[in-house]
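Asker: Sharing a model prediction with you, sequence too.
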Amino acid sequence: MQSVTRQDLLDTALEKLADGTVSHVLGWSRGTFDYEATPTLFSDPDTLRTAFVWNDFCGANLSKYLIKHTRRLEGRLLVFLKPCDTYSFNQLLTEHRFERERVFVVGVPCNGMADPRKLKAQADGILSVTAEGDTLSVETLYDGTRTLAVADLLEERCLTCKSRRHAAYDLLLGEEGEVQDSARFDEVAAIEAMSPDERFAFWQKELSRCIRCNACRDVCPACTCEQCVFGNPSSGVENKAASNEFEEKLFHIIRALHVAGRCTDCGECSRVCPQGIPLHLLNRKFIKEINENYGVYQAGAEVGTRAPLVDFTLDDPEAETVVRRGDDA
Amino acid sequence: MRKCALSVMPDLLRAVAEATPLYLPVDTDKGDALFTRWFEGADWSGACNTARGPKDLFFPQTEDLVAFKTAGKTVEVLDIRREQEDFVVFGVRPCDVKAIEVLDRVFLSEPVDSFYAARRNHALIVTAACSRPTETCFCGTFGIDPTALCGDVTVWKTEDHVYWQAATEQGERFLAALDGFLEDADDTAVTAQRAQTAALLSRLPLHSLRADAFGGGKTEAFFDHPAWDTLSQSCLGCGTCTFVCPTCQCYDIKDFDTGHGVVRYRCWDSCMYSDFTKMAHGNPRLTQKERFRQRFMHKLVYYPENNDGLFSCVGCGRCLAKCPISMNIATVMNTLGGDAR
């Protein structure tokens, strides 16, 4: 259960629309089923009142949409951001992807979001889902009405939440949280502990499931190139489907390298992957490497910081030191 | 009608696989099921449907067409086609059988696609009737009865038996070869199951979704509909819906530089992508709105217009389950359907 209610968010949005602070509101509306939420832009109070949702399924990070909407629309946009989303927001500002003054950020506390895949694994033929405190009442076609604890359905990224503190907001609803003492690097460490052959087999198996739908790239707040090389027929490397096993792996590795130092670990890539590939682990590996070699760095914690990979300080280890560490590992 | 005990299925499937390559839905460790080549110990998945349809077996995501070998100033054209062997696809759901009909009309009409035709001509399809539909199912919208006889053979699985019926001559021959496993049966159990499934279908959330407003000749009614703006507003432009779709059939042909020649291959393409149908002057569909509209107009208007009213959506529900933003054809139909101008 979330600590602020739909009504809290709705009242704020209606007030800011009414007093002219903003002209549009970026939030979520119900998808086809109760366990889905579609990112939605609202401009009219009546639609907002009827269609706006805020519940345990609002996992979608809205920050990347700000690029498109601030370009297209006049006026100022209100956006609801959960703590992890605000890191993406700051990183986009650092990369000058939109103007800060065009956006009014409402920080929304988050107790973790439920994963529809986990819900569907536990309940077949879902007719409706109603939140009741810390549980969901799930009406099913086959097993009557089930009561499931939200805590058992949390998205993987929420189980290792890095921060409940917002990195940016203009207005905060509810109480501010703290940066979490997260175990998010444990999974990476487990893969590091594998032998090279085991590790290769692990990624081979995962990445061979990829269907090159590019959802990971298209949802990624760090992937904001005007045209991706992989979608540009003139680039020479454009590819819609992996033409061989090498390219299949290469796409994800190149993407991870491209966002290294800029990835905030928001976890959208793994959330949207239709094939359930744990893509965030590639990015998290780079974050772990950066932390270990250059000191702890969280992309998006502040606006305007220079990521270690594009910065230089006199304390940096020499390249040969880094290579030696790699050899030792 | 014939039947066998559920417990003999592993032996029966082994016998099929020993005679002919066999593909069937097998659970993965990701909690979904995929069509998989039979292996010793492969269990027929009980999943409502596979994560991707059987399309891959007829129209693979990437496929080499021809190769060119260069040496100095000579170019040699290599015929890399392989002789297609017979194969059996077991456990195809009725929506996916209908999807193959949609593909057939594209690839088997003149000029016939010889790669697709070779696979179709060598395939035998065993349909598995549905008894446990899920909330994303809406095949009824497109007139499909997921309990009815279709494909070459249909099986109905009950708690302890599997009932078999052939729909084609090829199917009759297939059942004759399995005679040692099968015994005669009446259709009481199947009839009861079909009634039970029909009752379940009537309780599905999308049961009342109708396609009547769509079809050939409706281009002008829907093309400039104002709702496309809001419907497409949050579309990421990824290819998920098109790549999990059992009827999406668009492909691109590309050359892969091998260093000493070229392999010309085709791969699935997606109307959601910015370079789809890109021409010398650019992409005719400039924004995601036009690309999004294309996908649904194709399914609901253009395809039926060219194919005797047949829709190219079969209501399998995969795009509903997989879209990262939960925007889909059901929402599009609901939004546009009651408001055709």
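Answerer: On my side now, so go ahead.
Asker: what about the strands in chain A?
Answerer: A:24-30, A:37-42, A:77-81, A:103-107, A:126-132, A:135-140, A:145-149, A:171-172 (DSSP state E).
Asker: Tabulate those in JSON lines, adding columns for mean neighbour count and mean pLDDT.
Answerer: Just so you know, the C-beta spots here come from the backbone N, C-alpha and C atoms, and that holds for glycine as well. Formatted as JSON lines, these follow (neighbours: other C-beta atoms under 10 Å in any protein chain shown; pLDDT from 0 to 100):
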{"stretch": "strand A:24-30", "mean neighbour count": "23", "mean pLDDT": "98"}
{"stretch": "strand A:37-42", "mean neighbour count": "23", "mean pLDDT": "98"}
{"stretch": "strand A:77-81", "mean neighbour count": "24", "mean pLDDT": "98"}
{"stretch": "strand A:103-107", "mean neighbour count": "23", "mean pLDDT": "98"}
{"stretch": "strand A:126-132", "mean neighbour count": "16", "mean pLDDT": "96"}
{"stretch": "strand A:135-140", "mean neighbour count": "19", "mean pLDDT": "97"}
{"stretch": "strand A:145-149", "mean neighbour count": "13", "mean pLDDT": "97"}
{"stretch": "strand A:171-172", "mean neighbour count": "14", "mean pLDDT": "98"}
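Asker: JSON lines for those, including distance to chain B?
Answerer: Shown next, in JSON lines, are the strands of chain A (distance: least, C-beta to the nearest C-beta, whole Å):
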{"stretch": "strand A:24-30", "distance to chain B": "9"}
{"stretch": "strand A:37-42", "distance to chain B": "4"}
{"stretch": "strand A:77-81", "distance to chain B": "13"}
{"stretch": "strand A:103-107", "distance to chain B": "17"}
{"stretch": "strand A:126-132", "distance to chain B": "5"}
{"stretch": "strand A:135-140", "distance to chain B": "9"}
{"stretch": "strand A:145-149", "distance to chain B": "14"}
{"stretch": "strand A:171-172", "distance to chain B": "23"}
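Asker: Figure out which of those is closest to B:Asp160.
Answerer: Of all those, it is strand A:135-140 that lies closest to B:Asp160, at 24.2 Å by C-beta to C-beta.
Asker: Now do the closest one and strand A:126-132, the angle between them.
Answerer: Per axes from the mean of the first three to the mean of the last three C-alpha atoms, to 10 degrees, the angle that strand A:135-140 makes with strand A:126-132 is 160 degrees.
Asker: Hey, what's the angle from strand A:135-140 to strand A:145-149? Just curious.
Answerer: Using the same axes, to 10 degrees: strand A:135-140 against strand A:145-149 is 150 degrees.
Asker: how far is strand A:135-140 from where the chain is centred?
Answerer: 26 Å (C-alpha atoms, centre = their mean, to the nearest Å).
Asker: Which residue ranges of the stretch 1-150 of chain A form helices?
Answerer: A:6-18, A:45-51, A:65-72, A:83-94, A:116-122 (DSSP state H, counting those that start in this stretch).
Asker: Now do the last one: everything it contacts.
Answerer: Residues from elsewhere that reach helix A:116-122, judged by C-beta atoms under 8 Å, 6 or more residues apart in numbering or on different chains: A:35-36, A:57, A:126, A:129, A:136, A:138, A:146, A:148, A:152-155, A:276, B:31, B:321.
Asker: and the two most separated of those?
Answerer: Farthest pair in the contacts of helix A:116-122, by C-beta to C-beta: A:Arg146 and A:Gly276, 23.0 Å.
Asker: mind checking pLDDT for A:Asp328?
Answerer: The model reports A:Asp328 with a pLDDT of 64.
Asker: Then B:Phe59?
Answerer: If you check B:Phe59, the pLDDT there is 97.
Asker: ok, now which ones touch the nearest residue in space to it that is not next to it in sequence?
Answerer: Closest residue in space to B:Phe59, ignoring its immediate chain neighbours: B:Tyr116 at 5.8 Å, by C-beta to C-beta, 6 or more residues apart in numbering or on different chains. Residues in contact with B:Tyr116, defined by C-beta under 8 Å, 6+ apart, are B:58-59, B:103, B:107-108.
Asker: neighbours around residue 60, how many?
Answerer: You didn't pick a chain, so chain A it is. Residue neighbour count, defined by other C-beta atoms under 10 Å in any protein chain shown, stands at 26 for A:Ala60.
Asker: You answered for a different chain; I wanted chain B.
Answerer: Per other C-beta under 10 Å, the neighbour tally for B:Pro60 reads 16.
Asker: quick one: it from B:Pro54, how far?
Answerer: The gap separating B:Pro60 from B:Pro54 is 11 Å, by C-beta to C-beta, to the nearest Å.
Asker: mind listing what residue 106 touches?
Answerer: In the absence of a named chain, chain A is used. Per C-beta under 8 Å, 6+ apart, neighbours of A:Val106: A:9, A:12-13, A:78-81, A:169-173.
Asker: my question was about chain B
Answerer: B:Val106 touches B:113, B:249, counting by C-beta under 8 Å, 6+ apart.
Asker: and the residue of the stretch 1-150 of chain A found nearest chain B, how many residues sit next to it?
Answerer: Residue nearest to chain B within the stretch 1-150 of chain A: A:Gly31 (2.9 Å; C-beta to the nearest C-beta). Counted by other C-beta under 10 Å, the residues lying close to A:Gly31 total 22.
Asker: how many neighbours does the nearest residue to it once chain neighbours are set aside have?
Answerer: Nearest non-adjacent residue to A:Gly31, counting by C-beta to C-beta, 6+ apart: B:Ser326, 2.9 Å away. Other residues within reach of B:Ser326, judged by other C-beta under 10 Å, total 24.
Asker: Show me what from the stretch 51-200 of chain B comes close to chain A.
Answerer: For the stretch 51-200 of chain B, the contact set with chain A under C-beta under 8 Å from any C-beta of the partner chain comprises B:51-52, B:61-62, B:132-136, B:200.
Asker: which of those residues sit farthest apart?
Answerer: Farthest-apart pair in those is B:Thr62 and B:Leu200; separation 38.0 Å (C-beta to C-beta).
Asker: the longest strand in chain B is where?
Answerer: Assigned via DSSP E, chain B shows its longest strand as strand B:62-71.
Asker: and the direction of the helix or strand just after that one versus that of strand B:62-71, what angle?
Answerer: Per DSSP states H and E, the first helix or strand lying C-terminal to strand B:62-71 is strand B:74-78. Here the directions of strand B:74-78 and strand B:62-71 differ by 150 degrees (the same axes, to 10 degrees).
Asker: Helix or strand next in line after strand B:74-78, which one?
Answerer: Later in the chain than strand B:74-78, the nearest helix or strand by DSSP H and E is strand B:87-92.
Asker: What lies in contact with that following strand?
Answerer: Under C-beta under 8 Å, 6+ apart, the answer for strand B:87-92 is B:13, B:16, B:20-25, B:35, B:44-45, B:54, B:57, B:100, B:122-128, B:151, B:155, B:174.
Asker: thinking in terms of the whole chain, how far from its middle is it?
Answerer: Distance, centroid of strand B:87-92 to centroid of chain: 13 Å (C-alpha atoms, centre = their mean).
Asker: what comes up buried for the helix or strand just after it?
Answerer: Following strand B:87-92 in sequence order, the next helix or strand is helix B:94-107 (DSSP H and E). Neighbour-count burial for helix B:94-107 flags B:94-100, B:102-103, B:105-107 (criterion: 16 or more other C-beta atoms under 10 Å in any protein chain shown).
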